[in-house]
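A.B. asks: the sequence and its predicted three-dimensional model are supplied below.
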Amino acid sequence: MNISESLKIAIKCIKANWMRSLLTMLGIIIGITSVIMIVGAGTGVRDYIVGLIQDMGSNAVLVSVDETQATDNDYITLNDIENIKNKVKDVERCSPMLMGFGRAVISNTGKEATVMMIGVNSDVQFAMTGSCDHGRFFTDEEYAANAPIAVMGIESAKTVYGYEDVTGETVTVTSSGASMQIKVCGVAQMDGLASTLGGSGGMSSMFQSSSDTPMMALFMPCTTLTQLTGGSANLSNVFVIAKDGADYDAVGNATVNYLKAAHSSYSNGMYTAQNMATYIEIVDIVMKVLTIFIAGVGAISLIVGGIGVMNIMLVSVTERTREIGIRKSLGAKTRVITMQFLTESIILCFIGGLIGVVLGIAGAYGACAIVDITPKISIWLVLLALLFSSGVGLFFGIYPARKAALLSPIDALRSE
């Protein structure tokens, strides 16, 4: 008996008891579904979080002030920004990070939106992973001139305008009783940075359309923001960008030491430096460990499913004892009987694996769609899942197959 004939007989036997076969495959289906869904969604979430941190600048150090214990004298000033660039070793660029909120009216449509304004200088663009998708970033001259100009987040543009390239559009922003017409000079992938600074649990979803007033992010000169809000440039966060090849941790510590000396504030924890590259490594490791652990728990159901397959195959051997006896009396060899039952076991698990892969991919995309994240499912993950499910069928089918193959023809023919 060749392999094709074994496959035909195995499929015929599975179809003859299709309901029992489906219930037998259920454990395999659940196991493969859970593994595919968890690994695919987990990898997608990991890539999304790492992407957010990279948007904040993987080559940058975020220096922050502890606002719970800070006095007015402890906050970072615009003069500190220049001194950090000029006096702290291995610092190439430094940008303030000042936040404000207001109401915006889109000039050409009259549509209203809530606006998150982030006051920066032109150095912040060098901390990002890419340049503006459309238009340009504002210049040092525009920053010094308090120019009413801003870079808009790309998700904000799509939410408010319905398309990406809104370069040249104007927005009337009102904050603290004052209004200013802001011109959009560029559009960039910066919503993740705005969302992270804003402390949003939903991350980029805060810029998605809703039944309420939409939210948009504008990155404008810090000088323009203070002019609009009427507030002082007391900064609680600054981005420090180190030179290529510099030790980011050392640059962060040197910046903290400078601020302590400049503000005569030596209390522990007043100034902290966070290396963005280190955060990427930490998030990557944590997400990988969690994904592997949870996927391993899900894989336990594959073992349970394999035990179910072995149980049903033993029942099948009992039911087909007379058939086995007839085939052996007609000259069927032990290896042929073994191959027949092994083939049936492997096909059961392989079909269960296929169904599990389809359900797992659908489940991963469905779960990630809730938080607007794209899962990452590689072809190697699918192939590994199918190979593993077939391996379960092979392993748990050996005992029933050998039991069938070693039956005595005479005893088998006597069976009712």
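C.D. replies: Ah, there it is.

A.B. asks: output the below-cut-off pLDDT ranges for the stretch 51-200 of the chain.
C.D. replies: Scanning the stretch 51-200 of the chain for pLDDT under 70 picks out 51-59, 127-130, 192-200.

A.B. asks: neighbours of residue 378, how many?
C.D. replies: The criterion is other C-beta atoms under 10 Å. On that basis, residue 378 has 11 neighbouring residues. For every residue, glycine as well, the C-beta is placed using N, CA and C.

A.B. asks: run through the strands of the protein in chain order.
C.D. replies: If you assign secondary structure with DSSP state E, the strands in the chain sit at 60-65, 91-106, 112-120, 134-135, 149-153, 170-175, 178-188, 215-221, 237-242, 271-275.

A.B. asks: can you list these in a markdown table and add distance to residue 253 and mean neighbour count?
C.D. replies: As requested, the strands of the chain are exported to a markdown table (distance: least, C-beta to C-beta, whole Å; neighbours: other C-beta atoms under 10 Å):
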| stretch | distance to residue 253 | mean neighbour count |
| --- | --- | --- |
| strand 60-65 | 9 | 24 |
| strand 91-106 | 12 | 20 |
| strand 112-120 | 23 | 23 |
| strand 134-135 | 37 | 18 |
| strand 149-153 | 31 | 26 |
| strand 170-175 | 36 | 19 |
| strand 178-188 | 30 | 19 |
| strand 215-221 | 28 | 26 |
| strand 237-242 | 11 | 24 |
| strand 271-275 | 6 | 19 |
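
A.B. asks: what's the closest non-adjacent residue to the most centrally placed residue in the chain?
C.D. replies: Centre of the chain computed as the mean C-alpha position; nearest residue by C-alpha atoms, centre = their mean is residue 45, 1.8 Å away. If you skip the residues right next to it in sequence, residue 45 has residue 373 as its closest partner in space, 5.9 Å away by C-beta to C-beta, 6 or more residues apart in numbering.

A.B. asks: what's that neighbour sitting at in phi/psi?
C.D. replies: Note on residue 373: backbone dihedrals following degrees, to the nearest 10 are phi -130, psi 140.

A.B. asks: was I right about it contacting residue 48?
C.D. replies: Yes: with contact defined as C-beta atoms under 8 Å, residue 373 counts as touching residue 48 (4.8 Å).

A.B. asks: still on that earlier bit, got the contact list for the residue nearest to residue 45?
C.D. replies: Contacts here follow C-beta atoms under 8 Å, 6 or more residues apart in numbering; on that basis residue 373 touches 41, 44, 45, 48.

A.B. asks: quick one on the thing from earlier: now the strands of the chain in CSV, with distance to residue 294?
C.D. replies: CSV is the format used below for the strands of the chain (distance: least, C-beta to C-beta, whole Å):
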stretch, distance to residue 294
strand 60-65, 30
strand 91-106, 35
strand 112-120, 34
strand 134-135, 40
strand 149-153, 33
strand 170-175, 44
strand 178-188, 35
strand 215-221, 33
strand 237-242, 34
strand 271-275, 28
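
A.B. asks: how near is the residue nearest to residue 85 when sequence neighbours are not counted to residue 351?
C.D. replies: Once its chain neighbours are removed from consideration, residue 85 has its nearest residue in residue 94; the separation is 4.7 Å (C-beta to C-beta, 6+ apart). Here residue 94 is placed at a distance of 61 Å from residue 351 (C-beta to C-beta, to the nearest Å).

A.B. asks: what's near enough to touch residue 90?
C.D. replies: When the contact criterion is C-beta under 8 Å, 6+ apart, the partners of residue 90 are 242, 243, 246, 247, 250, 251, 254.

A.B. asks: list buried residues within these.
C.D. replies: Burial of the contacts of residue 90 was assessed by neighbour count (16 or more other C-beta atoms under 10 Å); the buried members are 242, 246, 251, 254.

A.B. asks: the lengthiest helix in the chain vs strand 271-275, what angle?
C.D. replies: Determined from DSSP state H, the single longest helix within the chain is helix 276-319. Orientation of helix 276-319 against strand 271-275 (axes from the mean of the first three to the mean of the last three C-alpha atoms, to 10 degrees) gives an angle of 50 degrees.

A.B. asks: and helix 276-319, how far from the chain's centre?
C.D. replies: For helix 276-319, the gap between its own C-alpha mean and the chain's C-alpha mean amounts to 20 Å (C-alpha atoms, centre = their mean, to the nearest Å).

A.B. asks: now stretch 219-236
C.D. replies: Between the mean C-alpha location of stretch 219-236 and the chain-wide mean there is a distance of 33 Å, by C-alpha atoms, centre = their mean.

A.B. asks: any idea of the mean pLDDT for that stretch?
C.D. replies: For stretch 219-236, the per-residue pLDDT values average out at 86.

A.B. asks: thinking residue 355 is in contact with residue 27, fair?
C.D. replies: No: between residue 355 and residue 27 there is no contact, the gap being 11.9 Å when judged by C-beta under 8 Å.

A.B. asks: tell me which residues touch residue 220, please.
C.D. replies: With C-beta under 8 Å, 6+ apart as the criterion, the residues that contact residue 220 are 117, 118, 119, 120, 138, 148, 149, 150, 151, 182.

A.B. asks: specify which member of those is nearest to residue 190.
C.D. replies: Ranking the contacts of residue 220 by separation from residue 190, with C-beta to C-beta as the measure, puts residue 151 on top at 6.8 Å.
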